[in-house]
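1. heads up, no residue letters with this:
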């Protein structure tokens, strides 16, 4: 049995998927708010669950991995210890070798926007460490889920 730590949602279009994260004490800084760098693992968690939901988790292309090339993060409000965050994620654009994801973290109890991000990942061959073309099977799985919201 596969346990999904995320869910399909229509709460925040164009997002269609989200994952839940709780703010742990170790995520906070001396002021008691989430340290800015901790949002990257939250986004990684949501992106991983998104892929798992679509059947694209693990080593789905032998000898290849997606690696983070760029991350643009904007901070809107602070989250604190024990907050529940809903992390929305979507694949917004697929290029020849790269994929750009959009993320948004909301504090669940008041549906308040905390942080947004755009992250670009590049598919690389592990041995050569060179960019590789994203296969059609990946594109089709994403397009089937994202529909018209996907820019290609």
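-> Sure thing, it's come through. Note that the coordinates shown come from a computational prediction; the quantities given were computed from them, not determined experimentally.
2. With adjacent residues omitted, what lies nearest to residue 32?
-> residue 80 (5.9 Å; Cβ to Cβ, 6 or more residues apart in numbering). Bear in mind the C-beta positions are built from the backbone N, C-alpha and C, glycine included.
3. Go ahead and confirm the one you found touches residue 28.
-> Yes - if you go by Cβ atoms under 8 Å, residue 80 and residue 28 touch, sitting 6.9 Å apart.
4. Spit out the contact partners of the residue nearest to residue 32.
-> By Cβ atoms under 8 Å, 6 or more residues apart in numbering, the residues touching residue 80 are 23, 28, 32, 33, 34.
5. any shared contact partners between residue 80 and residue 28?
-> residue 34.
6. Now residue 53. Its backbone dihedrals?
-> phi -60, psi -40 (degrees, to the nearest 10).
7. try residue 131
-> According to degrees, to the nearest 10, residue 131 has phi -60, psi 140.
8. Please name the bridge partners of it.
-> residue 124 (DSSP bridges).
9. Hmm, it is touching residue 123, no?
-> Yes - counting by Cβ under 8 Å, residue 131 touches residue 123, with 6.8 Å between them.
10. what's the lowest-pLDDT member of the contacts of residue 80?
-> Lowest-confidence member of the contacts of residue 80: residue 32, scoring 92 (pLDDT).
11. Where do the strands of this structure begin and end?
-> 6-8, 17-22, 64-75, 84-94, 98-107, 112-125, 130-131 (DSSP state E).
12. Which strands or helices does the longest one pack on?
-> The reference is to strand 112-125. Under the contact criterion of 3 or more Cβ pairs under 8 Å, 6 or more residues apart in numbering; DSSP states H and E, strand 112-125 touches helix 39-53, strand 64-75, strand 98-107, strand 130-131.
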